[in-house]
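# Sequence and computational prediction follow.
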Amino acid sequence: MNILVFIKQVADTEARILIKGDNRSLEIENKYNLNFFDEFAVEEAIRFKGKVKDSKISVCTYGGKKAVEALRTAIAMGADQAYLIDNTDLDTDDPLITAKILAGFAKKEGFDLILCGRQAIDDENGNIGAMVAEFLKIPHVTAITKLDVVDEKKIIVENDIEGGKETKEVQLPALLTTQKGINEPRVPLITGVMKAMKANIPVIDPVTLGLAKESLDRNASKIKILSYETPKGRPPVKIIDGETPEEKVKKLIKLLREEAKVL
Amino acid sequence: MDFALTEQQEFFKKVIVDTVDKMVAPKAQEIDEKDEFPWELWKEFTGLGYLGLRYPEEIGGMNADKIMCMTFYEEIARGSVGFAQSVIMNILMGTYFIYRFGNDSIKERCLYPAMRGEKIATMCFTEDQSGSDLGATRTTAVKDGNGWRINGTKMWITNGPICDFCTVLATTDPSKGLKGLNFFLVEKGTPGFSSGQVLNKLGCRGTVTGELVFDNVWVPDENFLGDELGKGVIYVGDILDEVRLMTGAMALGIAKGAYNEGLEFAKKRVAFGQPIGNYQLIREKFADMDTLMNAARLMIYHGAWMLENGMDSRLIAAEAKMFATEVCLKVVDEVTRIYGANAFAYEYTPQRYFRDARFLLYGGGTHEVLKDFIGRTIIGKL
């Protein structure tokens, strides 16, 4: 079986992020990771491969040259092959375009199962998986927490719903997005790290996926980012004066009532 | 000039940073508090295969270059220096001589299991009266039939009390001083070989350090580790630069660990209505620490690059070890000041870094000995 895993390289949660002067782009410290939810997808693909004979895992991302690092991480964990669809000069604000490109790759590569994280933790869009499935006209289940193989044509998945769990049977080929809790992503063995370091990762020009260049660039975006702003800073700490603890508590209660309005 | 890591080195760094963050760093405080060898972590971590870091792929190693080795040493020490010391002993000093001189049987018995983490290795130089002064080594090895009889006591042996085998430095001819020194392999279970006092240390807790006693220990000729007698001190020279750079990398790791925590604290701790990181005197500390750590990093990785390229790295290795360790002491001190009184409490981490940093003053040569060596090398004998 051909298992495809779509991943994204995202800024580390501890990376310094500054808004550039134009208010519409970001300056990100050079600290990147494989997206948190995509780690579950890679891990689940590896486990799936262990259950179904002659399976092959291909990992793919649409990103800049730097994203090769995230692809190597997936190989170190146990993926067989990785592909970088190079987005240099084509960076888009519109996830629809990314989904078109990934669907184009899936068509070209062939697949029985596609996995990806439920959302990227940078833009939090959470819609790539669903859109790719739609372009490919295949079933999809979002945010699965369990995946069982029935046979090469059928799987059973679970996902959380309000107050419980839902179990579904899904015909393959299908696309599934992974939720936290589905597995515990492995720490790579040194043999995997060495394989990843040596791996040849083909770089694909998106226009070779049957999509016209003008349909991929920023101008084709139907969604455009207008501005970014940082969260409001923590308000200054107020030190409560008073002669006695009782007096301080009285003042505190007054402030909690009148100013903070929490009592 | 090119200061950039290759894409592969960059990737390796990322992997080891993540692995240490996930597996080692969260256990550091507990390792320090318990001061017991972390067997569970040892099994989990060594199961990943890192102990073969510097050895060829044909024997199950990774064949990592010196830059990658330094990256590994730095990062694992950032996570927990108590754990790092035990790991690095297996990777470098504890297995160096058996890899270089051991016959097939020794490699099967000791090297390969040590690379898999199944056996714990160590190397014994230090005695109660000699450390940097190797010429004063009093442990003796005397020819006896088809082997050697070893007598003496070694002190400050990392992994000593729990080791499965050790490479021991002994003199075969005390009248020859340094030229009488040789290395021998002694395995656990050999009659007369035992562990003595376990040291209760100020820092690097979790690493079991102590005394090893050799009471009329007999080992066969194959356990003599060398090409010919009397070259032990030359072999020490062959590994010394790497050991010194490694020590510097560990110092940098401790400094980085402390610095990261200090930075988080300075951003969050509020005094007089604002985070203390807003105050110039705190900012000055970060400016100084970052400058010093960058300088130490350049020295260590420059030294590693020279070593990798077969250049004479004796001076840079000594200087980098000394400088990085002094930088580490400065950084851990500053971080305790940033933390204020909290740094004085065991429940916070700065006190651990503060204690750990002290240990690196001695390994790889005291700074007094290193300064003398550096000065002597520069000026020569007038």
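Ah, there it is.
# Show the pLDDT at the residue of the stretch 101-250 of chain A found nearest chain B.
For the stretch 101-250 of chain A, the residue closest to chain B is A:Ile190, as judged by Cβ to the nearest Cβ, at 3.3 Å. C-beta coordinates here come from the backbone N, C-alpha and C atoms, glycine included. On pLDDT, A:Ile190 comes in at 93.
# residue contacts, the residue nearest to it when sequence neighbours are not counted?
Excluding its sequence neighbours, the residue lying closest to A:Ile190 (Cβ to Cβ, 6 or more residues apart in numbering or on different chains) is B:Gly49, at 3.3 Å. B:Gly49 makes contact with A:189-191, B:60, B:62, B:116 under the criterion Cβ atoms under 8 Å, 6 or more residues apart in numbering or on different chains.
# what does A:Glu39 give?
A:Glu39 neighbours (Cβ under 8 Å, 6+ apart): A:77, A:117, A:185.
# Same check on A:Gln81?
By Cβ under 8 Å, 6+ apart, the contact list for A:Gln81 reads A:56-59, A:75, A:199.
# distance between the lengthiest strand in chain A and the chain's centre?
Counting by DSSP state E, the longest strand found in chain A is strand A:140-151. Centroid separation between strand A:140-151 and its chain, computed with Cα atoms, centre = their mean, to the nearest Å, is 17 Å.
# who touches it?
A:44, A:47-48, A:51-52, A:118, A:129-130, A:133-134, A:155-160, A:165, A:168-170, A:174-179, A:181-182.
# per-domain residue ranges of the chain.
Assuming you mean chain A. A:2-220, A:231-263 (automatic domain parsing).
# that's the wrong chain, I meant chain B
Taken from automatic domain parsing, chain B resolves into B:7-115, B:121-230, B:233-379.
# what is the mean pLDDT for stretch A:247-258?
Mean pLDDT, stretch A:247-258: 91.
# and that stretch, anywhere near chain B?
No - applying Cβ under 8 Å from any Cβ of the partner chain, one finds stretch A:247-258 out of contact with chain B, separated by at least 15.1 Å.
# can you give me how far that stretch is from the chain middle?
The answer for stretch A:247-258 is 45 Å, by Cα atoms, centre = their mean.
# Just the CA atoms of that stretch, as CSV, please.
Written as CSV, here are the backbone C-alpha positions of stretch A:247-258 (Å, rounded to 0.1, in the frame of the first residue of the first chain):
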residue,chain,number,x,y,z
GLU,A,247,-6.4,46.5,55.5
LYS,A,248,-4.6,45.0,52.4
VAL,A,249,-7.2,42.3,52.0
LYS,A,250,-10.0,44.9,52.2
LYS,A,251,-8.4,46.9,49.4
LEU,A,252,-7.8,43.7,47.4
ILE,A,253,-11.5,42.7,47.6
LYS,A,254,-12.5,46.2,46.6
LEU,A,255,-10.3,46.1,43.6
LEU,A,256,-11.4,42.6,42.6
ARG,A,257,-15.0,43.9,42.8
GLU,A,258,-14.8,47.3,41.2
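# on that earlier part again, any chance of the domains of chain B in JSON lines, plus mean pLDDT?
Compiled in JSON lines, these are given as follows (pLDDT from 0 to 100):
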{"stretch": "domain B:7-115", "mean pLDDT": "96"}
{"stretch": "domain B:121-230", "mean pLDDT": "94"}
{"stretch": "domain B:233-379", "mean pLDDT": "96"}
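# Excluding sequence neighbours, find me the nearest residue to B:Gly230.
B:Lys179 (5.0 Å).
# From B:Ile234, how far off is the one you found?
To B:Ile234, B:Lys179 is 9 Å away according to Cβ to Cβ, to the nearest Å.
# that older thread, neighbour-wise, give me the winner out of the contacts of A:Glu39.
A:Gly117 (28 neighbours; other Cβ atoms under 10 Å in any protein chain shown).
# and the most centrally placed residue in chain A, what does it touch?
Taking Cα atoms, centre = their mean, the centroid of chain A lies closest to A:Ala120, which sits 3.0 Å from it. A:Ala120 is in contact with A:8, A:10, A:35, A:37-38, A:126, A:128, counting by Cβ under 8 Å, 6+ apart.
# which residues of the stretch 51-200 of chain B fall in helices?
Assigned by DSSP state H, counting those that start in this stretch, the helices in the stretch 51-200 of chain B fall at B:66-79, B:81-91, B:93-101, B:104-106, B:112-115.
# can you tell which of these is closest to chain A?
Between chain A and the helices of the stretch 51-200 of chain B, the tightest spacing by Cβ to the nearest Cβ is seen for helix B:66-79, at 9.4 Å.
# Show me what from chain B comes close to chain A.
Checking chain B against chain A by Cβ under 8 Å from any Cβ, the hits are B:7-8, B:10-12, B:14-15, B:18-19, B:22-23, B:47-50, B:52-53, B:57, B:62, B:270, B:273-274.
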